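[1] Fold the following and give me the result.
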Amino acid sequence: MINVEEWMDIQSMYRRGLSISEIARRVGRSRKTVRKYLSEPQKIPEYTRKIKRKSKLDPYKDFLLARMREGVFNGQKLFDEIKRQGYTGGITILRDWMKPFRDEEKQVAELRFETEPGRQAQADWASFGQIFHQGTWHPLSGFIMKLGYSRCHFLTFTISQDLEHLLESHVKAFEFFGGVPEEILYDNPKTVVIWRKGKEIKFHPRFIEFCAHYGFIPKPCWPGRAKTKGKVERGVGYVKGNFWPGISFESLEDLNEKALSWCRDIANKKISSETGEAPCERLKRENLKPINIVARYDTSYLAHLKTGKDCLVRYKGVWYSVPWQYARKRVLLRAPLDGKKIFIYQKMNLIAEHERCYIRYTKVINEEHVRGLIKKRRQRKEKENSIQFILPSGPGIGLERVAPEVEERPLIEYEKIAKMS
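    This next block holds a predicted model:
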């Protein structure tokens, strides 16, 4: 059954000379249906009220409305709850019924949160494909930090989103801004939050150590409330829409130089539609904590390892030598993020330094480290060779030392002895 508007369209298009096939294509009906209404041009379709069928969802709508008033709009969660109460329908019916309520919830007005100078920054990661670096392909990630008061942007790119790169990106951001805010907002990544149960949070111990070093408070957002850090979320979109399209670079270092230039010359000089000022001008009034009052935090990879009896220690598939006196000892290996060298310590003393190698199963050996071991091995071998073996005289063995003579007897003699016994 078609409605009146469709009937009028069919009659109008037919009078303009369109074929039945073309009319059927335009109105989305079969040619048989079009032909039927053209054969009876005086018969106007009448509206008939549809009989509303009962839905399997009807008994649970009051419960669902109550849950949505509590802020629960997760369809899968509500589906699981009513299923435990006996609901036998599918989740698609539930989601279709919830859609108007979800749209209404999204349209609720919210008060924009404005921060005081120096109070807050927001940080987040974004993915940008892959990059060829240090002989292999890596995922390319962008770290964005945005100050709440000034809207000042910082952007840097890394080959990992692990803890060490997160800390290094923070340090670079503090150096770029010239100071540290009182608090920084995050999502809940494992590099920041190990686990969370409601308001109870366990932070990553090294990350908390880093926060204490620079004197700021980490503030993880409530799960599912990304709009809490809306400033940096918009910053991510700004980077992907303004900086990234059409960018060309030769290396990771070249890309980061261009990112800093973009922050200084474009992003932080553009007049903000929210404040009416350029972020670089408001940055002067941020009153951030000075960064030069503490030493730069060491963001290197740290690994506690044990050396082997061959004076080698293995790190990421590569063996590095240590002085032979430290064989079978516990050591600390430090690998800076620039990827150029590694340093090995034993009880806070630097005992070895090597150029970083990325070819697996390679042995990086300093000859000075094993020279004493070779000398010690040679002395042990000479000592073993100096031991004298004294044998009694007799023919048959060696040039100078001979074995004792043994009387030979025929086998019949042994048989006689056996019979006697």
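[2] if I look at the spatially most central residue of the chain, how far off is residue 256?
    In the chain, the C-alpha nearest the mean C-alpha coordinate belongs to residue 161, at 4.5 Å (C-alpha atoms, centre = their mean). Distance from residue 161 to residue 256, counting by C-beta to C-beta, to the nearest Å: 16 Å. In short, each C-beta sits where N, CA and C put it, glycine included.
[3] so residue 314, which of the three states?
    Going by DSSP: H, G, I helix; E, B strand; the rest coil, the secondary structure assigned to residue 314 is strand.
[4] thought residue 203 was touching residue 193?
    Yes: using C-beta atoms under 8 Å, residue 203 is in contact with residue 193, at 6.2 Å.
[5] okay, and the common contacts of the two?
    Both residue 203 and residue 193 lack any common contact, where contact means C-beta atoms under 8 Å, 6 or more residues apart in numbering.
[6] for this structure, what's the longest strand?
    strand 120-133 (DSSP state E).
[7] for the stretch 301-421 of the chain, what spans make up the helices?
    367-385, 411-420 (DSSP state H, counting those that start in this stretch).
[8] Now the last one: average pLDDT?
    Per-region confidence: helix 411-420 scores 72 on mean pLDDT.
[9] Can you list the buried residues in it?
    By neighbour count with 16 or more other C-beta atoms under 10 Å, helix 411-420 contains no buried residues.
[10] and what of stretch 69-85?
    Neighbour-count burial for stretch 69-85, counted by 16+ other C-beta under 10 Å, picks out 75, 78-79, 81-82.
[11] so how far does that stretch reach from one end to the other?
    Stretch 69-85 has an end-to-end distance of 19 Å (C-alpha to C-alpha, to the nearest Å).
[12] Tell me the gap between that stretch and the middle of its chain.
    30 Å (C-alpha atoms, centre = their mean, to the nearest Å).
[13] ok, residues contacting it?
    Applying C-beta under 8 Å, 6+ apart, the contact partners of stretch 69-85 are 60, 63-64, 67, 87, 91, 94-95, 98, 101-102, 105.
[14] do that again at 10 Å, thanks
    With contacts defined as C-beta atoms under 10 Å, 6 or more residues apart in numbering, stretch 69-85 is touched by 56-57, 59-61, 63-64, 66-68, 87-99, 101-102, 105-106, 224.
[15] hmm, which of these are the buried ones?
    For these, a burial check counting by 16+ other C-beta under 10 Å picks out 57, 60, 64, 67-68, 87, 94, 97-98.
[16] Tabulate those (a markdown table), appending pLDDT.
    Formatted as a markdown table, the buried ones among the contacts of stretch 69-85 follow (pLDDT from 0 to 100):
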| residue | pLDDT |
| --- | --- |
| 57 | 90 |
| 60 | 91 |
| 64 | 90 |
| 67 | 85 |
| 68 | 84 |
| 87 | 91 |
| 94 | 90 |
| 97 | 88 |
| 98 | 88 |
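[17] In helices only, show me the residues you listed.
    Those of those mapping onto helices are 64, 67-68, 94, 97-98, per DSSP state H.
[18] count of neighbours near residue 307?
    For residue 307, the neighbour count with other C-beta atoms under 10 Å is 25.
[19] residues in contact with the residue lying closest to it once chain neighbours are set aside?
    Closest residue to residue 307 apart from its sequence neighbours, by C-beta to C-beta, 6 or more residues apart in numbering: residue 313 at 4.7 Å. Residue 313 is in contact with 303, 305-307, 319-322, 326-327, 329, 331, 333, 342, 344, 352, counting by C-beta under 10 Å, 6+ apart.
[20] repeat for residue 64
    By C-beta under 10 Å, 6+ apart, residue 64 lies in contact with 57, 72, 78-79, 81-82, 94, 97-98, 101.
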